[in-house]
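Below: sequence and its predicted model.
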Amino acid sequence: MSENQLHASPAVTLTIAGSEATGGAGAQVDLKTFQELGVYGIAALTCIVSFDPKDSWQHRFVPVDQQVIADQLEAIQSCYALGTVKLGMLGTPATIDTVAAALKSQAWDNVVLDPVLICKGQEPGAALDTDQALKANILPLATFVTPNHFEAESLSGTSIDSLEDLKEAARIIHRQSGAVVLAKGGVRIDGPDAVDVFFDGETLEVLTAPKVGEVAVSGAGCTLAAAITAELAKGATPLEAARAAKQFVTEGIRNRVSSNAPFDAVWQGGGRTS
């Protein structure tokens, strides 16, 4: 028996996302999640984000040069037979165009979009341009989309104040995109549980877990989408992936990491400490 037969290769999983210097979000979170869930993680960086501790921990946002992004993706796509990709912060309309071109150059089994619509380091006009480009050029390519409360309101054009509102938003986003939707209510829907709504056009399921505090934790959305991506790469159905990711991120929030910043961060290894 050959060495390859003895040791099956892991699923290869790509994230196209920003770097967040403290390790609590972005590509750093995606790679940690991929490793914890047993897939081989690769990252192409789109921007560099660092919080400014001298200015209330606001974002400092620096886009990566377009040719550098294109070069990263050329190397990655030439090196591996990829079927699964996760999209995080893209940051500018130019980056969206570059990434969309790379995505269209091959077929994909799974394109998981975490639709990061706002970067606090951008001017409002630039952020709006990016939002519109994301909706026009990236959302139609997605097979699975994971909007948070704000993003679900923006994508659906509705106000979300209740679980029923979240369900309707998930239905609208699915009709718009054709993608499977996991609309995240998190701590922003009243009640004892953090609720997310899964909808694939037929099955609607509410995923619940007891809230761990009432404040959002840095990296929860990145972790959830990355966990979905990893599970899909391993062959899970979309609903199986959503359920497993919900459990994974809940353990990460429960075992979160504190720091000198005014927010805690998800610990992707939290499930190993419970």
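Yep, it's here.

so how far is stretch 107-115 from its chain's centroid?
Distance of stretch 107-115 from the chain centroid (Cα atoms, centre = their mean, to the nearest Å) equals 10 Å.

Output that stretch as CSV - backbone C-alpha positions only.
This file holds the C-alpha atoms of stretch 107-115, laid out as CSV (Å, rounded to 0.1, in the frame of the first residue of the first chain):
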residue,chain,number,x,y,z
ALA,A,107,-15.8,26.1,-11.8
TRP,A,108,-16.5,25.9,-8.0
ASP,A,109,-18.5,23.5,-5.9
ASN,A,110,-18.9,26.0,-3.0
VAL,A,111,-18.5,29.7,-2.9
VAL,A,112,-19.2,30.9,0.6
LEU,A,113,-19.7,34.6,0.9
ASP,A,114,-19.4,36.4,4.2
PRO,A,115,-20.7,39.7,2.9
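
Which positions in that stretch come out as buried?
The neighbour-count check on stretch 107-115 (16 or more other Cβ atoms under 10 Å) flags 108, 110-115 as buried. For the C-beta atoms, the positions are set from N, CA and C on the backbone; glycine is no exception.

I'd like to know which of those residues is nearest to Gly270.
Using Cβ to Cβ, Asp114 comes nearest to Gly270 of the buried residues of stretch 107-115, at 19.4 Å.

SS state for Pro32?
Actually, residue 32 is Lys. It isn't Pro. helix (DSSP: H, G, I helix; E, B strand; the rest coil).

can you map out the helices along the stretch 1-150 of the chain?
3-6, 26-36, 66-79, 93-104, 124-137, 149-156 (DSSP state H, counting those that start in this stretch).

Can you say which of those is packed in most?
helix 26-36 (a mean of 24; mean count of other Cβ atoms under 10 Å).

Rounded mean pLDDT for that one, please.
The average pLDDT within helix 26-36 is 98.

from the middle of its chain, how far away would it be?
Distance, centroid of helix 26-36 to centroid of chain: 11 Å (Cα atoms, centre = their mean).

Output the contacting helices and strands for that helix.
strand 12-20, strand 40-52, helix 220-233 (3 or more Cβ pairs under 8 Å, 6 or more residues apart in numbering; DSSP states H and E).

Could you dump the ones you listed into TSV and include distance to Phe199 and mean pLDDT?
Listed next are the helices and strands packed on helix 26-36 as TSV, based on distance: least, Cβ to Cβ, whole Å; pLDDT from 0 to 100:
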stretch	distance to Phe199	mean pLDDT
strand 12-20	24	97
strand 40-52	28	96
helix 220-233	14	97
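
Can you say which of those is packed in most?
Scoring these by mean count of other Cβ under 10 Å, the most buried comes out as helix 220-233, with a mean of 29.

List the buried residues of the helix or strand just after that helix.
Downstream of helix 220-233, the first helix or strand assigned by DSSP states H and E is helix 238-254. By 16+ other Cβ under 10 Å, the buried positions in helix 238-254 come out as 238, 241-246, 248-254.

isn't Ile160 right next to Ala152, touching?
Yes - counting by Cβ atoms under 8 Å, Ala152 is a contact partner of Ile160 at 6.0 Å.
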